[in-house]
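S.K.: following is a predicted model, sequence given first.
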Amino acid sequence: MTPVRREMPTTVTATRPHLRGGIARKPNSLTGVAVAAEPIPNEPLSYDDDPAFPLHRGGKLEVRSTIRVRDKDDLSLAYTPGVARVCTAIAEHPELAYDYTWTSKVVAVVTDGTAVLGLGDIGPAASMPVMEGKALLFKEFAGVDSVPIALSTTDVDEIVDTVIRMAPSFGGINLEDISAPRCFEIEDRLRAALDIPVFHDDQHGTAIVALSALTNAARLIGKPLSELRAVVAGAGASGIAVSQILINAGIGDIALSDSKGLIYEGRDGLNPIKQRIAAITNRSRLKGSTEEALRGADVFIGLSGSTVRESCIATMSSNAIVFALSNPTPEVHPEVARRHAKVVATGRSDFPNQINNVLAFPGIFKGAFEVRSHSITENMKLAAATAIADIVGDDLSPDYVIPSPFDERVAPAVTAAVAAQARADGVSRI
């Protein structure tokens, strides 16, 4: 039966599409979280004047069967009575679900809509176009099936309980756009409770790709990671994760800042997550602002939504590396940063060296699925970062320290590296 699609009118009278309840939301310059501004009067809009709307009409995903049901014999095997034999076998031997259902190869993309892109807390319904997009990227870049799930709760206990209850239907959980610091507890609790991969992409996807790019940038300027001093602006999910993976990879030192300035051990007002990162970063115990810490630094990584003055970039070391990753507006414009830095990267596709999570997460899940890994280890993340960096090879240049998201070598390389490391780490089932 062909599904009936309810068509929306081409021209409607509504508030601007980025509004909630007629109130404009604008991102806070430090946190990126949307805050209320002045109401904007309702005005007629033709949504289809914007090319994004026709592309999203009806959603970007559909479910298709993997078999044909052509006659009663097919029906009797795909459904009753044949399906009962498969169900009985799985009940007796639960591991057979990996072979005879989709659970071994499907990801649940889960959000509560509290930290969506640069839009902040826009709620679960408004997050769905992004979650559908994430599922689209899984399929397009690695052939991995996934289902977007937006939860109508922001309570940590309820989110954890809900995901645990639905986990038998999936082979992995990709947490997406959940605000910090709640996202850390949610991931930790789900990793402890489930025997399938749980991966918060805002943390680890960003961290993996940033490490890949920094590995090649360091090679280009002739310095090992162990001799680099980095400054990371932003202590949210991605900032904490980037700092952690750089430490695991052996960076010389790293100072992390939040909206109150540099984080250091003993600073007042640190939550438990920031207390833990303070204990392993900023060995020089720098205090003050991000811009003050940039003096003499080798690396700047921006993940805060704030701005950095050109004069401060100019105080960095010679052959500096600048990753201005806030979207859509980098902390410093790439053309400005290039006046003082050897390597510049952003999160945008219209500048060289795009730090894009799609380089990592599709291949990571595919590699984990290939060996039926029950988790994603730190070594698997490092292996993924190395695989991405190695693709650049001898073509390394200031404008090419990270491969394009459309480089067809990326997902297979990440898949192979992650699968091999899962076996080495003893977390694979096959």
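M.R.: Nice, thanks for sending it over.

S.K.: can you map out the helices along the stretch 301-430 of the chain?
M.R.: 310-313, 334-337, 361-370, 378-392, 410-425 (DSSP state H, counting those that start in this stretch).

S.K.: out of the ones you listed, nearest to Ala217?
M.R.: helix 378-392 (9.7 Å; Cβ to Cβ). Quick note: C-beta positions are derived from backbone N, CA and C, even for glycine.

S.K.: just checking, what packs against that closest one?
M.R.: Here helix 378-392 touches helix 201-221, helix 237-248, helix 361-370, helix 410-425, going by 3 or more Cβ pairs under 8 Å, 6 or more residues apart in numbering; DSSP states H and E.

S.K.: of these, which is nearest Ala180?
M.R.: Short answer: helix 237-248, nearest of the helices and strands packed on helix 378-392 by Cβ to Cβ, at 4.6 Å.

S.K.: flag every buried residue along the closest one.
M.R.: Neighbour counts over helix 237-248 (16 or more other Cβ atoms under 10 Å) mark Ala237, Ser238, Gly239, Ile240, Ala241, Val242, Ser243, Gln244, Ile245, Leu246, Asn248 as buried.

S.K.: which one of those is nearest to Val156?
M.R.: Lowest distance from Val156 to those (Cβ to Cβ) belongs to Ala237, with 14.2 Å.

S.K.: correct me if wrong: that closest one contacts Asp202.
M.R.: Yes: using Cβ atoms under 8 Å, Ala237 is in contact with Asp202, at 4.6 Å.

S.K.: what's the overlap in contacts for those two?
M.R.: Residues touching both Ala237 and Asp202 (Cβ atoms under 8 Å, 6 or more residues apart in numbering) are Ala115, Ile178, Cys183.

S.K.: as TSV, these with pLDDT would be great.
M.R.: Output for the shared contacts of Ala237 and Asp202, formatted as TSV (pLDDT from 0 to 100):
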residue	pLDDT
Ala115	94
Ile178	97
Cys183	96
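
S.K.: just checking, which of those residues belong to helices?
M.R.: Among the shared contacts of Ala237 and Asp202, the members found in helices (DSSP state H) are Cys183.

S.K.: now render the shared contacts of Ala237 and Asp202 as JSON lines, adding neighbour count.
M.R.: What follows is the shared contacts of Ala237 and Asp202, written out as JSON lines (neighbours: other Cβ atoms under 10 Å):
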{"residue": "Ala115", "neighbour count": "25"}
{"residue": "Ile178", "neighbour count": "25"}
{"residue": "Cys183", "neighbour count": "26"}
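
S.K.: let me know the closest of the shared contacts of Ala237 and Asp202 to Pro352.
M.R.: Distances from Pro352 to the shared contacts of Ala237 and Asp202, taken by Cβ to Cβ, are shortest for Ala115, at 27.3 Å.

S.K.: per-residue confidence at the nearest residue to that closest one once chain neighbours are set aside?
M.R.: Distances taken as Cβ to Cβ, 6 or more residues apart in numbering place Ser179 nearest to Ala115, at 4.0 Å, with adjacent residues excluded. Turning to Ser179, the model gives it a pLDDT of 95.

S.K.: contacting residues for Ser179?
M.R.: For Ser179, the contacting residues are Val33, Thr114, Ala115, Asp121, Gly236, Ala237, by Cβ under 8 Å, 6+ apart.

S.K.: rewinding a little: of all the helices and strands packed on helix 378-392, which one is nearest Arg64?
M.R.: helix 361-370 (19.0 Å).

S.K.: ok, Lys72 - how many residues close by?
M.R.: Lys72 has 8 neighbours, counted by other Cβ atoms under 10 Å.

S.K.: now Ile67
M.R.: Ile67: 8 neighbours (other Cβ under 10 Å).

S.K.: surely it meets Gly82?
M.R.: No: here Ile67 does not reach Gly82: they are 11.7 Å apart, not a contact under Cβ under 8 Å.

S.K.: host element of the residue lying closest to Gly82 once chain neighbours are set aside?
M.R.: Distances taken as Cβ to Cβ, 6+ apart place Ser76 nearest to Gly82, at 5.5 Å, with adjacent residues excluded. Ser76 is part of helix 72-78, with elements assigned from DSSP states H and E.

S.K.: other residues contacting the next helix or strand after that helix?
M.R.: Per DSSP H and E, helix 72-78 leads on to helix 82-92 as the next helix or strand towards the C-terminus. Applying Cβ under 8 Å, 6+ apart, the contact partners of helix 82-92 are Ser76, Leu77, Leu96, Ala97, Tyr100, Thr101.

S.K.: try it again with 6 Å
M.R.: Ser76, Leu96, Ala97, Tyr100 (Cβ atoms under 6 Å, 6 or more residues apart in numbering).

S.K.: next: stretch 214-232.
M.R.: By Cβ under 6 Å, 6+ apart, stretch 214-232 touches 239, 242-243, 249-256, 293-294, 297-301, 319, 321, 342-343, 389, 392, 396, 401.

S.K.: may I see the PyMOL selection of the buried members of these?
M.R.: Buried residues among the contacts of stretch 214-232 (16+ other Cβ under 10 Å), as a PyMOL selection:
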select buried, resi 239+242+243+249+251+252+253+254+255+256+293+294+297+298+299+300+301+319+321+342+343+389+392+401
